[in-house]
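the sequence and its predicted three-dimensional model are supplied below.
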Amino acid sequence: MREDFVVTPYKVSGEVDYDVLVERFGTKKIDAGLLKRIEKYGPLHPMLRRGIFYSHRDMDWILNEYDKGNRFSLYTGRGPSGPIHLGHLMPWAFTKYLQDTFKVKLWFQLTDDEKFMFYDQLTLDETKKWGYENALDIIALGFDPKLTNIFLDTEFIKTMYPTAIRAAKKITFSTIKAVFGFDNSNNIGSIFFTSIQTVPCFLESMEQGRKVPCLIPCGIDQDPHFRITRDIAEGLGYYKPALIHAKLMPSLTGGDKMSTSQKADNTIFTTDDKKTVKRKTANAFTGGRVSIEEQRKLGGNPEVCSVHAYHTYFFEPDDEKLVKLYDDCKSGKMMCGECKGILFEKIWKFLESHQERRAKAKDRLDDFFIRDCEK
Ligand code: TRP
């Protein structure tokens, strides 16, 4: 077992072993029984069938309550520090599937405060600007405006602040150090911040004036925040939030989570043009052999291939077609160039219409945004 990796909301390093992570974090793996149960509400999302959303806390409880007529609300978020890439869209597309399947309300938090406090080079105006930019991508995914509230922390703080300080009073500095790996050099805003990420778990309860279950779809790197939330929720008079966790999408150049900060062609942004997408897919890291002859003879290695990962995570929803891609690679029948070509076509087809919807979203911001102050 590989143990020497780190996953926190603020640091992902080493090669992540997702089974080890479940044990470390104390979450549960999504098993066949739970999948079967979720399938009762509608066809299983490919990310569930393929174990990309693979871990959870209290999903069974969420469904028990739902069956009793006690609907949950969804909560997810984004730290607006730069442009959106395909890896970001993945859990949000899954969130939309949950909204469509269960017809439930979604609270979408944009943490302009967080990214301002954690990134030296970013001003508050910039993180706010990114928040509005990023919201276009969120809206473009097709969330139901009647069931979706998007907000920037700095524009919704009046509503959140009383609950944030009630939460903060129950969280010690030593907990923060242990959970996030912070030390005395961290600024005090970053130490306080988790209480702001806690509040949206309770927004639906606050609005309705009764306890409402909350389900958080997110990358598993965000789980530490909500471990803290779960410890204090009942003391604040709310249910513990439930979670459903995704693995982190690998980068196009190999390695784990895609990052916006690296300069190389390791991410595809939602605003990339056709030529750029083509170049990035052409340069992607694969499990190919050194020569065509070798690959025909020995076959490729889809397990380590970022192109295959992209087919799996997002772009080939049909299981049979995915198996064929895998088999044709393994057997040496299909070369990497062809496989990259197939991926490029699919990504571009998706992005072309995403970009149209994104442009239209500019006129729809007011259908989604909530504020408790001036813009
Ligand atoms: N902290 C997250 C980030 O940096 C943003 C976020 C806020 C979030 N609330 C969330 C992510 C809830 C998942 C679920 O990206």
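Done, it's in.

wait, what's in contact with Tyr326?
Pro302, His308 (C-beta atoms under 8 Å, 6 or more residues apart in numbering). All C-beta atoms are positioned from the backbone trio N, CA, C, and that covers glycine.

okay, and it sits in which element?
helix 319-330 (DSSP states H and E).

now the strands for the stretch 101-250 of the chain?
In the stretch 101-250 of the chain, the strands defined using DSSP state E, counting those that start in this stretch lie at 106-110, 148-152, 214-219, 242-246.

tilt between the longest one and strand 106-110?
In this case it means strand 214-219. On the basis of axes from the mean of the first three to the mean of the last three C-alpha atoms, to 10 degrees, strand 214-219 is oriented at 50 degrees to strand 106-110.

what helix or strand is the residue nearest the centre of the chain on?
When the chain is reduced to its mean C-alpha position, the nearest residue by C-alpha atoms, centre = their mean turns out to be Pro91, at 3.8 Å. Following DSSP H and E, one finds Pro91 within helix 86-102.

convert the C-alpha atoms of that helix to PDB, please.
Extracted C-alpha coordinates of helix 86-102, given in PDB (Å, rounded to 0.1, in the frame of the first residue of the first chain):
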ATOM      1  CA  LEU A  86     -12.600  20.200 -17.300                       C
ATOM      2  CA  GLY A  87     -11.700  18.700 -14.000                       C
ATOM      3  CA  HIS A  88     -13.700  21.300 -12.200                       C
ATOM      4  CA  LEU A  89     -16.800  20.600 -14.300                       C
ATOM      5  CA  MET A  90     -16.800  16.900 -13.400                       C
ATOM      6  CA  PRO A  91     -18.300  17.100  -9.800                       C
ATOM      7  CA  TRP A  92     -20.600  19.900 -10.900                       C
ATOM      8  CA  ALA A  93     -22.000  17.800 -13.800                       C
ATOM      9  CA  PHE A  94     -22.600  15.100 -11.100                       C
ATOM     10  CA  THR A  95     -24.300  17.700  -8.900                       C
ATOM     11  CA  LYS A  96     -26.600  18.500 -11.700                       C
ATOM     12  CA  TYR A  97     -27.500  14.800 -12.100                       C
ATOM     13  CA  LEU A  98     -28.400  14.800  -8.400                       C
ATOM     14  CA  GLN A  99     -30.500  17.900  -8.700                       C
ATOM     15  CA  ASP A 100     -32.300  16.400 -11.700                       C
ATOM     16  CA  THR A 101     -32.800  13.000 -10.200                       C
ATOM     17  CA  PHE A 102     -34.000  14.200  -6.800                       C
END
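
name the helices or strands packed onto that helix?
helix 46-49, strand 73-78, helix 124-140, strand 214-219, strand 242-246 (3 or more C-beta pairs under 8 Å, 6 or more residues apart in numbering; DSSP states H and E).

residues in contact with the fourth one?
Identification of contacts with strand 214-219 by C-beta under 8 Å, 6+ apart yields 53, 59, 62, 72-77, 91, 94-95, 98, 201-202, 204-205, 222, 226, 239, 241-248, 257.

can the helices and strands packed on helix 86-102 go into TSV with extra columns for mean neighbour count, mean pLDDT and distance to Gly189?
As requested, the helices and strands packed on helix 86-102 are exported to TSV (neighbours: other C-beta atoms under 10 Å; pLDDT from 0 to 100; distance: least, C-beta to C-beta, whole Å):
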stretch	mean neighbour count	mean pLDDT	distance to Gly189
helix 46-49	19	97	34
strand 73-78	23	98	17
helix 124-140	20	98	11
strand 214-219	24	98	22
strand 242-246	26	98	25
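
so which of those comes closest to the ligand?
strand 73-78 (2.5 Å; C-beta to the nearest ligand atom).
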